[in-house]
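1. Need coordinates for the following:
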Amino acid sequence: MGAHPDDIEFGAGATLARWAEDGCEVSLLVCTDGSKGTWDADADIAALVATRRDEARAAARQLGATGEVVLLDRVDGELAHDRATTSEIARWIRVLRPDVLLGHDPWKRYRLHPDHRAAGFLVTDALVAARDPHFFREHGVAHHRPDALLLFEADEPDHAEPAEERHLAAKLAALEAHRSQYESTMFITDDPEQAGRRAPAVPTASERCSRRPGPGPGRRSPSASASSPPTADRAAGPGGGRHRGRVSGQRAGRLRLGCHTPSVPSVPCSMTVRSTPTPSTTGPQRPPIR
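-> Numbering: from 1, shown residues only. From the prediction side, this is the model:
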């Protein structure tokens, strides 16, 4: 689940591509219509919204996602953390019945964009509602409790998802499907001077990984590559361990969520997450996923 078209791909694209390759059914839910995604003051907003809907579906295909692409179409920049939206997302969780739910970390410090803040609390509140049969009984759909919640964009990630070159390539291809965002979000332009002025000075994935501590004693670190791909998924949230599962929809494949550890491999990774279980209020407490 992401606030805007392309947020999911930025946050967890390589991970989803790997899970899809392994046979998991991946579904994407996008909260807003992307109508603020341009610097052109005279843009045709209706046409932009239609374009971004098409781009979201094209990006899902690049990831290999075979599940639903759900577009809630809330107005970009005006996403509200309210009961109606929580109910709609909780219903989709019950309908799709994912084993693993991913979304924005609402507790990220100094987060500017209001949609990202709202989307983070919407995913956590919708999970709580979806798992309990006494929330939103009007849905007429059986309640469902995912096994894990993974929140990307974490300040202090403690879980890493590995990625091969082909998974990172799929992430880049999915991002490139969002052609309307080349200039405003990805700083892709025909003018080198403008590109240099607008592009933020951010470290590469390999630089970010190399600044983190390596795996602790007794933990295996994947073999390092000579040149790290330019992007890596970083996330935070509850999850971990090995279990049968689906990211959404039908059960297929085996998700390898790794082990609960504060150490992050110093090699290309697809996503890092905080690993904790989702507590239950209606049944026996499940142990943490290890």
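2. Name the residues of the strand or helix carrying F10 that are buried.
-> Using DSSP states H and E, the element containing F10 is helix 7-21. Within helix 7-21, the residues that count as buried by 16 or more other C-beta atoms under 10 Å are 7-20. All C-beta atoms are positioned from the backbone trio N, CA, C, and that covers glycine.
3. and the helix or strand just after that helix with helix 7-21, angle?
-> For helix 7-21, the succeeding helix or strand toward the C-terminus, using DSSP H and E, is strand 28-32. Orientation of strand 28-32 against helix 7-21 (axes from the mean of the first three to the mean of the last three C-alpha atoms, to 10 degrees) gives an angle of 170 degrees.
4. Now strand 28-32 - C-alpha only, CSV.
-> What follows is strand 28-32, C-alpha atoms only, in CSV (Å, rounded to 0.1, in the frame of the first residue of the first chain):
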residue,chain,number,x,y,z
LEU,A,28,-0.9,-3.0,-5.0
LEU,A,29,-3.2,-0.4,-3.3
VAL,A,30,-2.6,3.2,-4.2
CYS,A,31,-4.4,5.8,-2.0
THR,A,32,-4.4,9.0,-4.1
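5. Now the very next helix or strand once past it: buried residues?
-> Downstream of strand 28-32, the first helix or strand assigned by DSSP H and E is helix 45-63. Across helix 45-63, burial judged by 16+ other C-beta under 10 Å covers L48, V49, T51, R52, R53, E55, A56, A58, A59, A60, Q62, L63.
6. shouldn't the first one be in contact with G34?
-> Yes: A contact is recorded between L48 and G34 when judged using C-beta atoms under 8 Å, the distance being 7.0 Å.
7. residues near K171, how many?
-> 30 (other C-beta atoms under 10 Å).
8. one step back: now tabulate the buried residues of helix 7-21 in CSV and tack on pLDDT.
-> Output for these, formatted as CSV (pLDDT from 0 to 100):
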residue, pLDDT
D7, 97
I8, 98
E9, 97
F10, 96
G11, 96
A12, 96
G13, 97
A14, 97
T15, 97
L16, 98
A17, 98
R18, 98
W19, 97
A20, 98
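9. For this structure, name the helix or strand with the lowest mean pLDDT.
-> Sorted by mean pLDDT, DSSP states H and E, the helices and strands of the chain end with strand 242-244, the least confident at a mean of 30.
10. in the stretch 101-250 of the chain, which spans are strands?
-> All strands of the stretch 101-250 of the chain, identified by DSSP state E, counting those that start in this stretch, fall at 148-152, 160-162, 242-244.
11. what's the most buried one of those strands?
-> Among the strands of the stretch 101-250 of the chain, strand 148-152 has the highest mean neighbour count (mean count of other C-beta atoms under 10 Å), at a mean of 26.
12. now the angle between helix 7-21 and that strand, please.
-> 130 degrees.
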